[in-house]
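fold the following.
(one chain, ligands or ions: 1)
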Amino acid sequence: MTGELMGLAPVISTAGLTKHYGTVHALTDLTVEVGDGVTGLVGANGAGKSTLIKVLLGLLEPTGGHASVLGHDIEHEGQEIRRLVGYMPEHDCLPPDVSASDFVVHMARMSGLGASAARERAADVLRHVGLDEERYRPMGGYSTGMKQRAKLAQALAHDPRLVFLDEPTNGLDPAARTDMLNLVRRIGTEFGIAALVTSHLLGELEQVSDHVIVLDGGHLLRSSATGDFLQRTGGLLVEVVGTETERDRLGEALAQRGLTCRPRGTMVAIDPPPPELAEGGAVHDLIRDVAADLGLGLMRLQPDRRHLEDVFLEGGTRV
Ligand SMILES: Nc1ncnc2c1ncn2[C@@H]1O[C@H](COP(=O)(O)OP(=O)(O)OP(=O)(O)O)[C@@H](O)[C@H]1O
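Residues are numbered from 1 along each chain as shown. Down below sits the predicted model:
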């Protein structure tokens, strides 16, 4: 876990955390730690992500187990936790007749800032999230992207140590999604605020998270550094100048030399080579020589990596 590795106290720590809604087992025996930086909380709809956040905020009582957030016990110190933590809920919760500016000032005042400090802080966070002149307009007329930014701004209003961002990219088009992910990354790096961010889209979290926790039906499927999810497969990806014809000529020639190849987009994906070619970069030399013999220009030769989707496709092992 991130915190343990760095010798720091974890930002969040749970032990056997369980939450049932009647017969629905939303979280089961969850033991996990979250450190500083950005942590992705991934899982399909209904996996228990929002429930975990609400339990950690002290808004829902756990059925069993324990958890602490920034060193505070969730059952007895919920108020202290909510003072230190910002929360961007999944669903629309913005008053339509109020401007983002008034709303964020209000949220900052609620957290104890004086009138002028709250105005200053609101202007800062609204600028950081990219709401400019629109911030003076009633939020009812905002696009989904602007609403998500306003929700994020209110989560940052009281200068929290940690933010819970529940599906911040929900409903956004690809460009707005990229902007939001960049913002999430900046929160964890430039602003130095730890972030637990949920998504059911696995690919997007691998771009911004230092660590990823995967939930499946309320169970912990996996918790590791993002780099470990993207571990090398031992295979290679090669791209040559030209079209599919050149790609396939290379693939066929490499297959004749004992490599297992298949097309993947514009590239040739090569399975981990046999031991005699894996040693000392022999496979790289072979690919270079085969491309040269065919008169093909090598554009790219890189390790093939697993992606977060693969963890799900493989079914994974519950830990
Ligand atoms: N108040 C509630 N009463 C009963 N069941 C609930 C309640 N809230 C959530 N659930 C159920 O608990 C399970 C986990 O829900 P949760 O909202 O935590 O999942 P999630 O991973 O956040 O999914 P989503 O992204 O769809 O919100 C689901 O089966 C859900 O239907």
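
OK, contacts around Gly297?
240-242, 291 (CB atoms under 8 Å, 6 or more residues apart in numbering). Any C-beta I mention is one placed from the backbone N, CA and C, and that applies to glycine too.

which of the residues you listed fall in strands?
Among the contacts of Gly297, the members falling in strands (DSSP state E) are Val240.

which of the contacts of Gly297 are buried? Put it as a ChimeraX command.
Isolation of the buried members of the contacts of Gly297 (16 or more other CB atoms under 10 Å) is achieved in ChimeraX through the command below:
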select :240,291
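
just the contacts of Gly297 now: which is nearest Leu17?
When those are ranked by distance to Leu17 (CB to CB), Val240 comes first, at 51.2 Å.

what is the neighbour count of the residue nearest to the closest one when sequence neighbours are not counted?
Counting by CB to CB, 6 or more residues apart in numbering, Leu296 is the residue found nearest to Val240 once chain neighbours are left out, at 4.2 Å. Applying other CB atoms under 10 Å, we find 18 residues neighbouring Leu296.

picking up where we left off before, widest-spaced pair of the contacts of Gly297?
Gly242 and Ala291 (10.8 Å).

re earlier: quick check, pLDDT for the residue nearest to Val240.
On pLDDT, Leu296 comes in at 96.

could you list every residue that touches Leu298?
238-241, 287-288, 291.

run through the bridge partners of it.
Val240 (DSSP bridges).

so where is the stretch 51-200 of the chain shaky, pLDDT-wise?
For the stretch 51-200 of the chain, no stretch has pLDDT under 70.

tell me who's in contact with the nearest residue to Gly58 once chain neighbours are set aside.
Spatial nearest neighbour of Gly58, chain neighbours left out: Gly78 (2.3 Å); criterion: CB to CB, 6+ apart. When contacts are counted by CB under 8 Å, 6+ apart, Gly78 touches 57-59.

need the phi and psi values for the residue positioned nearest the centre of the chain.
Centroid-nearest residue in the chain, with CA atoms, centre = their mean: Leu205, separated by 2.8 Å. When read as degrees, to the nearest 10, the backbone of Leu205 gives phi -70, psi -30.

got the residues of the chain near the ligand?
21, 24, 26, 43, 45-51, 90, 200 (CB under 6 Å from any ligand atom).

so of those residues, which ones are in strands?
21, 24, 26.

now the buried members of the residues you listed.
Here, 16+ other CB under 10 Å leaves Ala26 buried among these.
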